[in-house]
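Q: I would like to see how this sequence folds:
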Amino acid sequence: HDLLEAKVVDGKVVAWSTDVLAFAFAYEPLHGLAGAGLEVPLLAASLVLLLAGALAWPIGAAARKWYGAAPLPAAVRSGTRWTAIASIVALAAALAWAGLFTVVANLTMNHLDGWLHAVQALALVGFVGGWLVAAWNLARRVRTPGRRGATLWAALQFLAGTLVLYVAFAYHLIGFAAGY
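A: Below you'll find the model as predicted:
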């Protein structure tokens, strides 16, 4: 039989575990978005928005060519291109972390140091760089007259990048330390 253990501070449970797991795991209450149950759905929505932003670039170009529409102005075109590239890199970083955690959980591969550092570098470029590009694109869209829909889309992409960056910092996915 397994016994339940709890750490109580000022009359409140701050951590709990069981005899079998206590040597390695102590469960602590979640705070912020995770404690409210919003972190995972918002992160999933953010990743979907990043994917939509990445796919909008080639689909929009193909649609403009198909229907013979005028090409986008250079400023809008560069913002769209860089935002799509940043979205692709951020999605690649998220997939790389998921893949690394899967490999570690299955213990199917030895010597993961190189992979870990590569994923951490990709996360730094993808999450921080993606957020910076989204902020730059939003600032450019706000200063461009007209096209409220484009400004709203840039704002949604910025919010998606902000949430992905928040989760990356909250779970120590950015940086070259081993605590995540």
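
Q: following the lowest-mean-pLDDT helix or strand in the chain, which helix or strand shows up next?
A: Taking mean pLDDT, DSSP states H and E as the measure, the chain has helix 32-35 as its least confident helix or strand, at a mean of 74. As assigned by DSSP states H and E, the chain's next helix or strand after helix 32-35 is helix 39-67.

Q: Output the contacting helices and strands for that next one.
A: Other elements packing on helix 39-67 under the criterion 3 or more Cβ pairs under 8 Å, 6 or more residues apart in numbering; DSSP states H and E are helix 32-35, helix 74-106, helix 148-170. To be clear about C-beta, it is placed using only N, CA and C from the backbone, and glycine gets the same treatment.

Q: Can you name the element that comes right after the second one?
A: In the C-terminal direction, the helix or strand that comes right after helix 74-106 (DSSP H and E) is helix 113-123.

Q: Residue 29 - how many residues pack around it?
A: 11 (other Cβ atoms under 10 Å).

Q: ok, it touching residue 35?
A: Yes. In this structure, residue 29 is within contact of residue 35 by Cβ atoms under 8 Å, at 6.7 Å.

Q: And the pLDDT for the residue lying closest to residue 123 once chain neighbours are set aside?
A: Closest residue in space to residue 123, ignoring its immediate chain neighbours: residue 93 at 4.5 Å, by Cβ to Cβ, 6 or more residues apart in numbering. Per-residue pLDDT puts residue 93 at 93.

Q: The one 4 residues further on too?
A: Per-residue confidence at residue 97 stands at 88 (pLDDT).

Q: which ones are touching it?
A: When contacts are counted by Cβ atoms under 8 Å, 6 or more residues apart in numbering, residue 97 touches 119, 123, 173.
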